[in-house]
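> Could you work out the structure for the sequence below:
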Amino acid sequence: MKLPDSLRAQLKIPLGILLPEGQTEKSEICKHLSKDSYVITVGDRTSEKMISLGLGPSLQIIDSQERREKREPPKLAGATELTVDNPAAEITDQSIDVIKKALCMKPPTTILVNGEEDLLVLPVCVYAPKNAIVLYGQPNEGLVIVRITSEIRNKAQRLLDLME
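Numbering: from 1, shown residues only. This next block holds a predicted model:
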């Protein structure tokens, strides 16, 4: 599935709560987590931040890049690694299958993306378990925290359905 230009502006709107850059400390993030939260991070910087705060995700999806620049991937101790190809501005069927597989595995799990991981927030929101919290970066703005609800699943699915 390819991202049509007509959807780009809509995808810049955060799916959840946006914590501005200066307010992404552990105490603020923890307000949105519960003891049984299945934490999913999408993006290298977001994953690295959560690991550094001692809030290592159950599932991290990374591409070893930050703002299109190559970087060292964040290390999630004890994680099972899966690899997937996902070109920029696309969501491949393989990516969706690997996300579904990762969500059924014993955490922690890392999906290492060859290409770009940004859009994978959408299928993650569709297939994540009920107790999931998805975190991803909003470029130059802050951290987005998405509590998975049926409304979020439906919105993410509608956006996926609009892709070509």
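
> all strands for this structure, in order.
17-20, 38-42, 59-62, 65-66, 69-70, 80-86, 109-115, 132-138, 142-147 (DSSP state E).

> And the contacts of the fourth one?
Counting by CB atoms under 8 Å, 6 or more residues apart in numbering, the neighbours of strand 65-66 from elsewhere in the structure are 43-45, 71, 116. (C-beta placed from N, C-alpha, C; glycine too.)

> again with the first one
Judged by CB under 8 Å, 6+ apart, the contacts made with strand 17-20 from elsewhere in the structure are 28-29, 32, 138, 141-146.

> Now the two most distant members of the residues you listed.
32 and 141 (16.7 Å; CB to CB).

> ok, residue 47 to residue 116 distance?
Counting by CB to CB, to the nearest Å, the separation of residue 47 from residue 116 is 15 Å.

> quick one: which of the two has more around it?
Under the criterion of other CB atoms under 10 Å, the comparison of residue 47 against residue 116 puts residue 47 first, with 27 against 16.

> contacting residues for the more buried one?
Contact analysis of residue 47 by CB under 8 Å, 6+ apart lists 41, 57, 60-62, 74, 76.

> out of those, which are buried?
Among those, those that count as buried by neighbour count (16 or more other CB atoms under 10 Å) are 41, 57, 60-62, 74, 76.
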